[in-house]
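> Give me the fold of what follows.
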Amino acid sequence: MTVHRGKISVAGAGGQQLISPYIVGAAPSDAHPTVGDWLLIDRNTHEAVRVLERLNLFKRRAPGDPNREQMIAANVDTLFVVASCNQDFSVARLERYLVLAREVGVTPVVVLTKTDLTDDPGKFVAAASAIEPGLRVEPVNGRDPASVARLAAWCGKGETVALLGSSGVGKSTLVNTLRESSSIATQAIRPRDDTGRHTTTAREMHRLDHGGWLLDTPGMRELQLPQAAAGIAEIFDDFILMAEQCRFSDCAHGAEPDCAVRAAIAGGALTADRFARWQKLAAEDSAASHPPKRRR
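Below is the predicted model of the structure:
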C-alpha cells in the first residue's frame, strides 16, 4: 500500500500493518516489493516471502547512480501523466513519461491541471496532443469535482491508476478530488517560477469508493529512463520511419549524404527541437544498456 524508508505498509485479511520490505534470498532489486505489488506473507513471522508475478513494473535509473534502478510502481492499468498549464509545462518531460508508459505497455493519459490559471488552455492541449497521434489529453481544474469527473472512466472497479509528474503539478489535489477528501496535504507553487514543492513523500495507494485504486507518487524533477528502446521507438516513430529512408543504415543524421531525417527537418516535415530530444533519449538508452563498470 505504501513504501516508506525501511518499511512497507501492506493490507490483507488481517488488516493493515508495517513490515520489512526485504525478502530473504531475493537478489535483484526488483525481486523486492514496491507499491502495487501482491505479496505472499508468512502468517507467523509477518515477513514477505515472495512477490507474485507482476502485470508490469515502472522503474527509473536511480538519480546519481546509472548502475542502479529504482522501482516506482507495479500492476498499473492506466498512467495519468500529470502536467500543469503554466510555465513549468515541458513537452520534453512529457515525452519521457510517455516513453516510460509505452515501454511498460500501459495506456497513458496526459492530464493537464491548473486550467483555471491560464487564459488559453488550448495551447497546452495542442502541444501535448502533438507528441503522439491518438494520445488522450484531458485538461482539468483539479479542485473542481465536475471537471475532474471526466477522469472517472479510467478509475472503475478493479482498475489501478498511477499518477506521475513533477512536484507541484497537482497530483495530490487530483487524488483528493477523486476521493472526495482533503486528507492529503497540498502546497502552493512558487509564484516566481511556477515550480512546485514536494507534497507527497511516499508512494501510496488510495482506495476509491466505487472500487478503483489511485497510486500517488512523489514529484520527480529528474526521470532518467532505464532501457527503453521500444518506448522511444513508439513515441518517436516518425523519426524511426524516416531514418529507414537514409542512404546508410548506420546514418547518424549529421553530415552523411542523402540523410532522410535531415532532409525532412529542412523541409519542415520534422522539427529540429524534437530531433534533438530524440537523439538525447537514444543516447541515454544506449548508456543505460551499457553502463560503465565499477572499479574495485
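
> mind listing what the residue located most distally from the centre of the chain touches?
Most distant from the centre of the chain: P257, at 38.0 Å, with distances by C-alpha atoms, centre = their mean. Residues in contact with P257, defined by C-beta atoms under 8 Å, 6 or more residues apart in numbering, are R247. C-beta here means a position set from N, CA and C on the backbone, and glycine is covered the same way.

> before we move on, what about the one 4 residues further on?
The contact partners of V261, by C-beta under 8 Å, 6+ apart, come to 239, 242-243, 246, 251, 253, 270, 275.

> 6 Å instead?
242-243, 253 (C-beta atoms under 6 Å, 6 or more residues apart in numbering).

> quick one: the residue farthest from the centre of the chain is in a strand?
No: secondary structure of P257, determined by DSSP: H, G, I helix; E, B strand; the rest coil: coil, with no strand assignment.

> for it, phi and psi?
phi -70, psi 150 (degrees, to the nearest 10).

> what does the one 3 residues further on give?
Note on A260: backbone dihedrals following degrees, to the nearest 10 are phi -70, psi -30.

> Now it. Nearest residue, chain neighbours left out?
Q245 (3.7 Å; C-beta to C-beta, 6 or more residues apart in numbering).

> Buried residues, the one helix or strand A146 maps to. List them.
Per DSSP states H and E, A146 falls inside helix 145-148. Going by neighbour count (16 or more other C-beta atoms under 10 Å), the buried part of helix 145-148 is 147-148.

> can you list contacts of that helix?
140-141, 177.

> What of stretch 80-94?
Residues outside stretch 80-94 that contact it (C-beta under 6 Å, 6+ apart) are 97, 108-115, 118, 121, 124, 127, 161, 163-165, 169, 171, 194-195, 277.

> mind running it again at 7 Å?
97-98, 108-115, 117-118, 121, 124, 127-128, 131, 161-166, 169-171, 174, 193-195, 277 (C-beta atoms under 7 Å, 6 or more residues apart in numbering).

> Of the contacts of helix 145-148, just say which sits nearest to A287.
Nearest to A287 out of those is V140 (C-beta to C-beta; 36.1 Å).

> so that closest one makes contact with V110?
No: the criterion here is C-beta atoms under 7 Å, and V140 misses it with V110 at 10.8 Å.

> Now V111, what are its backbone angles?
Given degrees, to the nearest 10, the pair of backbone angles that V111 has is phi -110, psi 120.

> This structure: helices as residue ranges?
In the chain, the segments counted as helices under DSSP state H are 91-104, 121-129, 145-148, 171-179, 229-235, 237-243, 260-267, 272-289.
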